[in-house]
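*Asks:* Need coordinates for the following:
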Amino acid sequence: QVQWVESGGGLVQAGGSLRLSCAASGRTFSLYAMGWFRQAPGKEREFVACINYSSDTTTYADSVKGRFTISRDNFKNTVYLQMNSLQPEDTAVYYCASSRLGRRGVPTIVADYDYWGQGTQVTVSS
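*Replies:* Okay, the predicted model is just below:
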């Protein structure tokens with residue numbers, strides 16, 4: 001059974017930082033690109049960042065570029081999202097997911113991902 005478990009969310013003041021983690025089980029983690037998405041109340045799920053299977057390619061949404069950093073540790077079967085300079089508009093439930101495209105590229109759309117974590121809440125106060 002494939003399972004991703006996110007952790008690290010919480011409440012932080014604007015300008016603060018959080019580090020999200022997503023631990024994988026039930027799948028050969030190193031074979032898949034991994035992505036982070038977020039969903040705010042009343043909004044659609046949106047792409048945040050993606051990292052390819054070997055960590056040599058990453059891509060980010062414009063809204064987080066320069067503030068967020070995605071990384072992965074294939075030995076620990078874990079992907080991370082370091083979030084700095086957080087703003088109230090970053091408030092959302094954050095999800096990790098594995099790409100259905102395997103090792104190919106760094107997909108940015110929801111449809112290119114198959115297995116999802118349960119999400120972790122990030123709240124940024126002003």
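
*Asks:* what residue is smack in the middle of this structure?
*Replies:* Residue closest to the average C-alpha location in the chain (Cα atoms, centre = their mean): W36, at 2.1 Å.

*Asks:* ok, and for the one helix or strand that residue maps to, which residues are buried?
*Replies:* Using DSSP states H and E, W36 sits within strand 34-39. Within strand 34-39, the residues that count as buried by 16 or more other Cβ atoms under 10 Å are 34-38. (Each C-beta comes from the backbone N, C-alpha and C, glycine too.)

*Asks:* Relative to R100, which of those residues is nearest.
*Replies:* Of all the buried residues of strand 34-39, G35 has the smallest distance to R100: 10.8 Å, by Cβ to Cβ.

*Asks:* sorry, back to before: same for the strand holding W36, what does it pack against?
*Replies:* Where contact means 3 or more Cβ pairs under 8 Å, 6 or more residues apart in numbering; DSSP states H and E, strand 34-39 is packed against strand 18-25, strand 46-51, strand 68-73, strand 78-83, strand 92-99.

*Asks:* Kindly reformat the ones you listed as TSV and extend each row with mean pLDDT, distance to V106 and mean neighbour count.
*Replies:* Formatted as TSV, the helices and strands packed on strand 34-39 follow (pLDDT from 0 to 100; distance: least, Cβ to Cβ, whole Å; neighbours: other Cβ atoms under 10 Å):
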stretch	mean pLDDT	distance to V106	mean neighbour count
strand 18-25	94	16	19
strand 46-51	98	4	22
strand 68-73	97	10	18
strand 78-83	97	12	23
strand 92-99	96	8	23
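
*Asks:* among those strands, which is nearest W116?
*Replies:* Of the helices and strands packed on strand 34-39, nearest to W116 by Cβ to Cβ is strand 92-99, at 4.5 Å.
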